[in-house]
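Q: Build me a model from this:
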Amino acid sequence: VQASQAGTNQLGVCNFGTQLGTTLSSIRNAGDVLMLAVDLDAGHMWLGANGVWEQGDPVAGTNPRWTDVESPVVPFHALYSNGEIQKLQFNEDELDYTPPDGFLPVMAKYLPEPTILDAKQYFDPVIYAGNDTPRTITTRNKVDHVVLKSRTSAGWWNAIDSVRGVDKQLIWNESVAERSEVDLVTAFGAENSFDLGTYYDGNLSGQNFVAYPFTKSPIAGMDIVTYTGDGIAGRTVPHGLGVKPQFIIVKARSAAGESWNVYFESLGATQRMALESNNGAIASGDWNNTEPTTTEFSLGSGWGNTSGVTYVGYLFASIPGFSKVFSFTGNANADGPFVHCGFKPAFILMKSSTSAHNWWVLDVIRDNYVNPLDTYLAANTPNAEPNQYTFLDSLSNGFKLRTVDGSINPNGGTVVGIAFAEHPFGRRGL
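A: Now for the predicted structure:
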């Protein structure tokens with residue numbers, strides 16, 4: 001940071017909303033350069049001016065000005081007076097002083113390369129108007145699982161996947177058993193598409209719909225499994241993610257009445273939620289009080305493992321730059337929490353785990369890629385899109401709550417969810 005006037009300047013970082021910084025010695029001359037070095041691995045920060053560190057040595061890691069600094073951090077520079085100009089230097093070719101050995105300037109080229117450069121290759125939400133005519137909906141990803149919902153009027157959240165078969169319908173907002181419906185989704189195309197029939201809840205003329213198509217792949221952190229319950233606590237079900245799942249949804253196929261059992265890593269295997277319900281998390285042995293592993297997840301003897309009942313499970317793990325299973329604490333303030341995802345979210349599913357509120361569904365495509373995201377649906381209800389209500393901003397590396405509403409930003413309450421990327425944040429993904 002280069003100051004344009006003499007005076008007392010401040011330089012530091014904001015760390016989880018707490019200012020970590022200090023007033024540097026009076027700037028003797030206009031053009032003096034202030035410096036900041038942060039080592040997040042060690043949690044240390046140094047401050048300096050004109051090529052000299054005020055105390056300690058960043059290279060040796062000694063005598064930092066601040067300790068216990070955690071990610072994420074946001075640098076700040078407080079100006080001395082009205083009319084002062086600051087120059088922020090990020091281009092390493094323009095830096096007045098070389099960064100200490102082992103430190104890098106804040107530049108996009110030094111960010112990690114995203115695993116997935118084009119998020120739409122694995123998740124590509126689409127909107128369309130129904131027309132009562134068999135048709136093909138084109139996406140940019142191979143479709144293994146799709147969820148369809150009418151935006152215009154009340155209607156089911158229809159869940160179809162390639163593992164169970166395209167004629168097998170489950171309903172997010174109901175605990176009913178699997179239904180056979182041959183005219184809803186009729187095929188998953190080999191070349192990034194799915195075919196619709198004329199079923200009213202997916203292609204009724206005069207209705208607008210949204211579709212969320214997922215690709216089943218370890219690369220995308222998504223797997224689909226089927227199994228038959230045996231009623232024995234400790235039953236394990238293998239999966240192919242290759243990493244520990246952080247979000248699991250299990251639904252009975254051949255029996256009605258069992259909830260969509262939901263596991264979140266942040267809540268642990270001693271609690272469950274229900275996708276079709278607005279209830280918060282409750283204590284449960286349905287996950288056998290055993291955390292999932294990189295190869296399998298565990299079940300109790302109740303819901304999710306009733307003897308003789310067939311089930312389907314949808315498993316998700318965070319993929320840097322593409323998806324994020326998250327948890328945050330609300331503050332009931334319009335200047336709400338920022339949730340770091342590592343990408344610009346295209347889709348967010350979220351729910352208060354500590355109170356009875358809806359499962360909110362937000363996406364950029366229904367809001368025409370414009371903030372704030374205020375066109376919402378609720379996954380646990382059949383309701384159509386209501387009047388718009390400001391929820392949040394989708395930002396380059398996460399999202400920021402913009403509401404005091406306790407259903408999404410409860411004061412001191414916990415909210416859990418999953419987000420998928422519009423595009424990643426990092427190197428060529430920017």
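
Q: Quick check: bridge partners of the residue positioned nearest the centre of the chain?
A: Closest to where the C-alpha atoms of the chain average out (CA atoms, centre = their mean) is residue 419, at 2.4 Å. Note on residue 419: beta-bridge partners by DSSP bridges are residue 324, residue 348.

Q: got a list of what it touches?
A: 323-324, 326, 339, 341, 343, 345, 347-349, 399 (CB atoms under 8 Å, 6 or more residues apart in numbering). For the C-beta atoms, the positions are set from N, CA and C on the backbone; glycine is no exception.

Q: redo that, cut-off 7 Å
A: For residue 419, the contacting residues are 323-324, 326, 341, 345, 347-348, by CB atoms under 7 Å, 6 or more residues apart in numbering.

Q: ok, now residue 260?
A: Neighbouring residues of residue 260 by CB under 7 Å, 6+ apart: 172, 249, 251, 274-276.

Q: Now rank those by neighbours and give me the top one.
A: For these, the largest number of neighbours (other CB atoms under 10 Å) sits with residue 251, at 25 neighbours.

Q: I'd like the distance between the residue nearest to that residue when sequence neighbours are not counted and residue 381.
A: Leaving aside its chain neighbours, residue 251 sits nearest to residue 260 (4.9 Å; criterion: CB to CB, 6 or more residues apart in numbering). To residue 381, residue 260 is 13 Å away according to CB to CB, to the nearest Å.

Q: same thing with residue 351?
A: Using CB to CB, residue 351 is found at 12 Å from residue 381.

Q: the more surrounded of these two?
A: Just comparing residue 351 and residue 381: by other CB under 10 Å the higher neighbour count belongs to residue 351, 29 against 15.

Q: So what's the predicted local confidence for the more buried one?
A: For residue 351, the pLDDT comes out at 98.

Q: Checking it next. Helix, strand or coil?
A: Under DSSP: H, G, I helix; E, B strand; the rest coil, the three-state class of residue 351 is strand.

Q: The residue nearest to residue 57 when sequence neighbours are not counted: how many residues sit nearby?
A: Take residue 57 and drop its neighbours on the chain: the residue closest to it by CB to CB, 6+ apart is residue 63, 7.1 Å away. Neighbour count of residue 63, defined by other CB under 10 Å: 13.

Q: Repeat that for the one 4 residues further on.
A: A count of nearby residues for residue 67, using other CB under 10 Å, gives 10.

Q: Was I right to think it contacts residue 43?
A: Yes: counting by CB atoms under 7 Å, residue 43 is a contact partner of residue 67 at 5.9 Å.

Q: now the helices: where do they sit in the protein?
A: With helices called from DSSP state H, the chain shows them at 200-203.

Q: where's residue 425 relative to residue 320, distance?
A: 10 Å.

Q: okay, those two: which has more neighbours?
A: Counting neighbours by other CB under 10 Å for residue 425 and for residue 320 shows that residue 425 has the greater number, 22 against 19.

Q: Identify the residue spatially nearest to the more buried one, adjacent ones excluded.
A: Residue 425 sits nearest to residue 397 (CB to CB, 6+ apart), 4.3 Å away.

Q: Touching, the one you found and residue 341? I think so.
A: Yes: with contact taken as CB under 7 Å, residue 397 and residue 341 are classed as touching, separated by 6.5 Å.

Q: more crowded one of the two?
A: With neighbours defined as other CB under 10 Å, residue 397 and residue 341 compare such that residue 341 has more, 28 against 19.

Q: ok, the more buried one touching residue 324?
A: Yes: at 4.2 Å, residue 341 and residue 324 qualify as touching, with contact defined as CB under 7 Å.

Q: show me what contacts residue 326?
A: Taking CB under 7 Å, 6+ apart as the criterion, residue 326 is in contact with 339, 341, 417, 419.

Q: Write down the beta-bridge partners of the first one, one by one.
A: Under the criterion DSSP bridges, residue 339 forms beta bridges with residue 399.

Q: quick revisit: out of the contacts of residue 419, what pair is the most spread apart?
A: 326 and 347 (12.7 Å; CB to CB).

Q: residues making contact with stretch 49-59?
A: So stretch 49-59 is contacted by 24-25, 32-35, 37, 39, 46-48, 62-65, 97, 100-103 (CB under 7 Å, 6+ apart).

Q: switch the cut-off to 6 Å
A: For stretch 49-59, the external contacting residues (CB atoms under 6 Å, 6 or more residues apart in numbering) are 24, 32-34, 37, 46-48, 62-64, 97, 100-101.

Q: now do stretch 187-207
A: For stretch 187-207, the external contacting residues (CB under 6 Å, 6+ apart) are 130-132, 134-143, 146, 148, 150, 152, 155-156, 158, 162, 166, 183-186.

Q: Let's see the ChimeraX selection covering just the buried ones among those residues.
A: To isolate the buried subset of these in ChimeraX, counting by 16 or more other CB atoms under 10 Å, use the following:
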select :130,135,137,139,141,142,143,146,148,150,155,156,158,162,166,184,185,186
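
Q: returning to what we had before: any idea how far residue 417 is from the residue nearest to residue 57?
A: Distance, residue 63 to residue 417, using CB to CB: 42 Å.
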